[in-house]
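A.B. asks: build the 3D model from these lines:
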Amino acid sequence: MKLAQLADLLHAHIENGSPDAEITGVAGIEEAQPGHVTFVANPKYAAAARTTRASAVIVGGNFPAIPAAMLRAKNPYYTFARAIEVFYQAPKYAPGIHPTAVVHPSSKIGARAHVGPYVVIDQDVEIGDNCVLLAHVVIYQGVCIGHDFFAHAHSVVREYCRLGDHVILQNGVVIGADGFGFAKDDAGQWYKIVQSGPAVLEDNVEVQANACVDRASVGETRVGRGARIDNLVQVGHGSSVGENTMLCAQVGLAGSTEVGKNVILAGQVGVAGHCKIGDGVIATAQSGIPSDVAPGAFVSGYPAIDNKLWLRCVAAFQKLPDFARALRKR
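C.D. replies: Below you'll find the predicted structure:
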């Protein structure tokens, strides 16, 4: 593909390069070779941009000139993501139901469905058009799923859950497993609380490998439109996750947690039950959140506090041995 063609597809402007340069693929800035296009979105890679062997670099509007051809774009990271789509050809799955699949006769599957080997679809299931269910996917009784559903191998949707359009489940995802609900009986033994409420995923939600969204004892567990849930995340029973929120790897939400819109919880953040996280909150990795967090807050540490205060605390903590030595000398 010519650089000019790629620029047109990406709505980017060519600078300092030949429109006829041949582009054959994409690569990271340090691994790129002639024929590749790469990108710079983080200023710390500016030096690497000056020495990259890539034929073209996607950069922002104010990025300084470099020897390689530049594709200027408003959002270099997003533009590079679209460039990957140009060169990567994802597998195509032809419509049809594999002979080893088990589909209950009461279930309804839309047009152009691909149902792979050993898939099981229980009774009274409804799935929209253009679905892809790869090997060993299991859909329990009474599930309702919208159009353009994509379920990777070994993902499971439990009974009566509801999923919107354009939902993606990566390998090993479980939607609607029982929430962790138990009450002690009069003899002091744990009594299982029936988890009667479904998990609900709105449109355009992606849940990545081996993550779990549990069903609720009553009511529902809900994940809002456009949310992204990373590998090994636990969304506890009765929780709600707002639109366009991102839960990164190993985040854990205890039961009845309310997470607002456009929130980012970085890796291994833990949230205690019945807490409310306001819209636009950012919590850095391994933060522990035991209480409500106001909208727009940027928090770190355990218990989570304002990020700037936490940084000062960390700096002071590193000086504690010096403080102790000074005190002993008095």
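A.B. asks: quick one: strands adjacent to the one helix or strand Arg222 maps to?
C.D. replies: Taking DSSP states H and E as the criterion, the element that holds Arg222 is strand 221-223. Strand pairing for strand 221-223, using DSSP bridges, gives strand 199-201 (parallel), strand 240-241 (parallel).
A.B. asks: contacts for the first one?
C.D. replies: Surrounding strand 199-201, the residues in contact under the criterion CB atoms under 8 Å, 6 or more residues apart in numbering are 158, 161-164, 167, 175-176, 207, 213-216, 220-223. For the C-beta atoms, the positions are set from N, CA and C on the backbone; glycine is no exception.
A.B. asks: returning to that earlier point: turn the strands paired with strand 221-223 into JSON lines, including mean pLDDT and mean neighbour count.
C.D. replies: Converted to JSON lines, the strands paired with strand 221-223 look like this (pLDDT from 0 to 100; neighbours: other CB atoms under 10 Å):
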{"stretch": "strand 199-201", "mean pLDDT": "98", "mean neighbour count": "27"}
{"stretch": "strand 240-241", "mean pLDDT": "98", "mean neighbour count": "26"}
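A.B. asks: now distance to Ala90 too, for those, in a markdown table please.
C.D. replies: Below are the strands paired with strand 221-223 laid out as a markdown table (distance: least, CB to CB, whole Å):
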| stretch | distance to Ala90 |
| --- | --- |
| strand 199-201 | 22 |
| strand 240-241 | 27 |
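A.B. asks: before we move on, back to that, distance from the strand holding Arg222 to the middle of the chain?
C.D. replies: Distance of strand 221-223 from the chain centroid (CA atoms, centre = their mean, to the nearest Å) equals 15 Å.
A.B. asks: pLDDT on it, on average?
C.D. replies: For strand 221-223, the mean pLDDT works out to 98.
A.B. asks: following it in sequence, what is the next regular element?
C.D. replies: Following strand 221-223 in sequence order, the next helix or strand is strand 228-229 (DSSP H and E).
A.B. asks: show residues contacting that following strand.
C.D. replies: 205-208, 211, 213, 223, 235, 241, 245-247.
A.B. asks: can you give the contact residues for the strand holding Arg222?
C.D. replies: For strand 221-223, the surrounding residues in contact (CB under 8 Å, 6+ apart) are 176, 179, 197-202, 205, 207, 213-215, 229, 235-241.
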